[in-house]
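> below is the sequence, then the predicted model.
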Amino acid sequence: MSLVLSVNAGSSSLKIALFRAFPENKDEPVKLLLTCSISNISTPPAEFSYKVQNGSTKQEELNDIHDHESGFSHFLDCLDAEEGVNREDITHVCHRVVHGGDYSDPVLINDEAYTHIERLSDLAPLHNGAALAVIKICLSKSKFHHAKSITFFDTAFHRSIPPHISSYAIDQKDAKSRGLKKYGFHGLSYSFILRSVADFLQKPASSLNLIVLHLGSGASACCIRQGQSLDTSMGLTPLHGLPGATRSGAIDPSLIFHYTNKAGRMSHDEGSAVHLHVTQAEHILNTEAGWKALAGTTDFGVITQKREEDPEGAGLAFDLFVDRVLNYVGSYHLKLGAQVDALVFSGGIGEHSEELRAVLAERIACLGYASISAERNAAVQGAEDIVLDVGVPEATGPRLLVCRTNEEVCSFIFLSTR
Ligand SMILES: Nc1ncnc2c1ncn2[C@@H]1O[C@H](COP(=O)(O)OP(=O)(O)O)[C@@H](O)[C@H]1O
Ligand SMILES: CC(=O)OP(=O)(O)O
Ligand SMILES: [Mg+2]
């Protein structure tokens, strides 16, 4: 018997799952033992939830968790108090690492891989550093005696994007020497969704054309053709594409050069302009923009509730998000030659916002997509299924699905099928 820990360091969350595997007996089913989820990780109080399968659940707000490292340490304290679980039995720790550059396969962490991921931290400032902080704890012999740490990269799923889509229209010699191209992210989520939707539709994954919306604190869209990523909305970094909890998403790149910390003033406004260093502008666009800037909250649930009473804040944020999502659905529909099996909603917002699903479904109905069923849409919240159809039962055209994504399981499945 061996225990496998899977860790997903998201921008606002840390999600962890512990599995029991039987490497010596392939017929013995793998068992999920417990899960832990810490959200609002950098805006205390963090929400800590810890659930033992068929056992106890702990849910609390904690002020002493302020980053991924303190969150993971708190999880380990809970794990140590768990009867029947011995940390010594953990043989593998799977880590989701958002930016893997040109790595196409999972990597066993050694000094070289660690340094490589560290170097890529500038390209995923909200993510790679957080994952490395957790990896560092797992590499410490006092914490994990025999465990191997393996990294699974979000970027790997998008290696199939062809050059005319992944290249930027800049000098290709510079672009190639400096690795400046679209990498794309949320790849573990997209590969879990592809596998789950294929099971649900009972079709081979390699035959599916999907438009998938992973809408969470970081939000992206992916165009999947014949089971492979053809395009995705994030780019060189996870900042591009759709706006998120604290990220601006796509902007005119020139905005950076006109941006001052006295919002609205242009650089030619002599005397009053406050010049920001480019890296400060990048920091603001990553951490002070998105819902936080528009509506004063990072919670899309609150935005949804307040959109009528606060049209200039929450209302603007909601409508702007709908507009940006439509940009991608429309263009991906064309890239797939209108041959789409399903549009899939996922991520914290996609899985929980009945309202956003309803508004988006209404807007894309003109392309022949299934009409949304109000009843099925409302029933998503209480359901346990991984994939749900929210279209009306007699619908024709591309299906409307919701998939509860699971990036922790995805890396584990990869490990267990090798
Ligand atoms: N009921 C809800 N309605 C709308 N949005 C929600 C709801 N519940 C959670 N969310 C959104 O989901 C986000 C978290 O998404 P998730 O994919 O779990 O995050 P992360 O990107 O950190 O992995 C929250 O910040 C919140 O905006
Ligand atoms: C890539 C990314 O934005 O990830 P997350 O949504 O987990 O922050
Ligand atoms: Mg996430």
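Here it is on my side, so go on. Treat the numbers as computed from the prediction; the structure is a model and nothing was measured. Numbering: from 1, shown residues only. Ligands and ions are numbered 1, 2, ... in the order given.
> all contacts plus neighbour counts: C-alpha atoms, from now on.
Fine.
> what's the neighbour count on residue 105?
13 (other Cα atoms under 10 Å).
> from residue 230, how far out is it?
18 Å (Cα to Cα, to the nearest Å).
> low-confidence bits of this protein, can you list those?
Residue ranges of the chain with pLDDT under 70: 23, 260-276, 411-418.
> how is it divided into domains?
2-160, 203-249+289-407 (automatic domain parsing).
> distance to residue 182 for these - can I get that in JSON lines?
As requested, the domains of the chain are exported to JSON lines (distance: least, Cα to Cα, whole Å):
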{"stretch": "domain 2-160", "distance to residue 182": "9"}
{"stretch": "domain 203-249+289-407", "distance to residue 182": "4"}
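> what helix or strand is residue 136 located in?
Taking DSSP states H and E as the criterion, the element that holds residue 136 is helix 128-139.
> starting at the chain centroid, how far to that helix?
18 Å (Cα atoms, centre = their mean, to the nearest Å).
> following that helix, which helix or strand comes up?
strand 148-153.
> how about that following strand and ligand 2, any contact?
No - for strand 148-153 and ligand 2, the contact criterion (Cα under 6 Å from any ligand atom) is not met; the two come no nearer than 10.2 Å.
> what pairs with that strand, parallel or antiparallel?
According to DSSP bridges, strand 148-153 forms sheet pairs with strand 90-97 (parallel), strand 107-108 (antiparallel).
> next SSE downstream of it?
helix 163-166.
> okay, buried residues for that following helix please.
For helix 163-166, burial by neighbour count (16 or more other Cα atoms under 10 Å) applies to residue 166.
> ok, stretch 330-337 next?
Buried, per 16+ other Cα under 10 Å, within stretch 330-337: 332, 333, 335, 336.
> before we move on, what about stretch 344-359?
For stretch 344-359, by 16+ other Cα under 10 Å, it's 344-358.
> hmm, that stretch in reach of ligand 1?
Yes - applying Cα under 6 Å from any ligand atom, one finds stretch 344-359 touching ligand 1 at 347, 348, 349, 352, 353.
> how about residue 345, secondary structure?
Classification of residue 345 using DSSP: H, G, I helix; E, B strand; the rest coil returns strand.
> is it in contact with residue 210, as I believe?
No - under the criterion of Cα atoms under 8 Å, residue 345 is not in contact with residue 210, lying 10.8 Å apart.
> how many other residues sit next to residue 85?
A count of nearby residues for residue 85, using other Cα under 10 Å, gives 14.
> skipping adjacent residues, who's closest to it in space?
Excluding the flanking residues, the one nearest residue 85 by Cα to Cα, 6 or more residues apart in numbering is residue 79, at 7.3 Å.
> where's the one you found relative to residue 94, distance?
Counting by Cα to Cα, the gap from residue 79 to residue 94 is 17 Å.
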